[in-house]
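**Q** The sequence and its predicted three-dimensional model are supplied below.
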Amino acid sequence: MAAARPLSRFWEWGKNIVCVGRNYAEHAEEMRSALPREPLLFLKPSSAYAPEGAPALLPAHCRLLHHELELGVLLGRRARAVPAAAAMDCVAGYALCLDMTARDVQDECKRKGLPWTLAKGFTGSCPVSAFVPRERIPDPHGLRLWLKVNGELRQEGHTSAMIFRIPDIISYVSRIMALEEGDLILTGTPKGVGPVREHDELEAGIEGVVSMRCRVQRPDY
């Protein structure tokens, strides 16, 4: 049974943000990256979370910030070594998420064989829409995602193109680390990632379900 706690108060009980990289073949191609044989995972800290209405922060150490549009999956119960056939029972709801990426920093990390934390884990690097109960999305692999920058369509894709589907992702992750109630999984970005600058306005949506807006700005510290 999915969690009974209000999804609108998600971050009072949320913990981890687990992200899947290269889960769309056309995105892997545009990044000149090989297709993964198993889910490619990285983490964002809880301070990366930016709720609806909060800005996407452009960190001081970044010269090239990219948007990456993703479907987020909210866990409603603990999952440890859960089989794929039972994985969807652990889902409480969904959200539209942005994996903001310091691309210049990530490129340097890749060259040096270093983790991506500096490129992916900075404060405000994960804007999240309002959460949608799972009952409103009977098929999460039948969704169109889109993103505009200053009114111009920049990124769109369909969740049917995922290489690793959501039950398989949940099962895979839960065999490595126990997933807890309130954890958020970002399922990968479709093609069309690109740069944004300070003061840019981002608008994104899951067609017919939910949309969100945020502005890119420098942190005030």
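**A** Yes, it's here.

**Q** rest of the way, CA atoms for contacts and neighbours
**A** Noted.

**Q** How about the contacts made by the residue nearest in space to the middle of the chain?
**A** Closest residue to the average C-alpha location of the chain: residue 186 at 3.3 Å, with Cα atoms, centre = their mean. Counting by Cα atoms under 8 Å, 6 or more residues apart in numbering, residue 186 makes contact with 17-20, 70-73, 97.

**Q** Tell me the one among these nearest to residue 193.
**A** residue 70 (10.8 Å; Cα to Cα).

**Q** Correct me if wrong: that closest one contacts residue 184.
**A** No - using Cα atoms under 8 Å, residue 70 makes no contact with residue 184, being 11.6 Å away.

**Q** what residue ranges in this protein score low on pLDDT?
**A** Filtered on pLDDT under 70, the chain yields the residue ranges 1-14, 221.

**Q** would you list every one of the helices in it?
**A** All helices of the chain, identified by DSSP state H, fall at 25-30, 84-87, 103-112, 117-120, 166-176.

**Q** Point out the one among those helices that comes closest to residue 136.
**A** Between residue 136 and the helices of the chain, the tightest spacing by Cα to Cα is seen for helix 166-176, at 16.3 Å.

**Q** With mean neighbour count as extra columns, can I get the helices of the chain in TSV?
**A** Listed next are those as TSV, based on neighbours: other Cα atoms under 10 Å:
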stretch	mean neighbour count
helix 25-30	17
helix 84-87	15
helix 103-112	15
helix 117-120	20
helix 166-176	19
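
**Q** Adding distance to residue 201, write those out as TSV.
**A** Listed next are those as TSV, based on distance: least, Cα to Cα, whole Å:
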stretch	distance to residue 201
helix 25-30	23
helix 84-87	36
helix 103-112	19
helix 117-120	20
helix 166-176	30
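
**Q** still on that earlier bit, how close does the residue nearest to the centre of the chain get to residue 112?
**A** As for residue 186, its distance to residue 112 is 25 Å (criterion: Cα to Cα, to the nearest Å).

**Q** Repeat that for residue 36.
**A** To residue 112, residue 36 is 20 Å away according to Cα to Cα.

**Q** Can you list the buried residues in stretch 31-40?
**A** Using 16 or more other Cα atoms under 10 Å as the test for burial, stretch 31-40 gives 35, 39.

**Q** circling back to that earlier point, just grab the bridge partners of the residue nearest to the centre of the chain for me.
**A** Beta bridges link residue 186 to residue 19, residue 72 when assigned by DSSP bridges.

**Q** circling back to that earlier point, could I get the contacts of residue 186 as JSON lines with neighbour count and distance to residue 163?
**A** Formatted as JSON lines, the contacts of residue 186 follow (neighbours: other Cα atoms under 10 Å; distance: Cα to Cα, whole Å):
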{"residue": "17", "neighbour count": "23", "distance to residue 163": "20"}
{"residue": "18", "neighbour count": "19", "distance to residue 163": "17"}
{"residue": "19", "neighbour count": "21", "distance to residue 163": "14"}
{"residue": "20", "neighbour count": "19", "distance to residue 163": "11"}
{"residue": "70", "neighbour count": "29", "distance to residue 163": "14"}
{"residue": "71", "neighbour count": "25", "distance to residue 163": "14"}
{"residue": "72", "neighbour count": "24", "distance to residue 163": "16"}
{"residue": "73", "neighbour count": "29", "distance to residue 163": "16"}
{"residue": "97", "neighbour count": "31", "distance to residue 163": "18"}
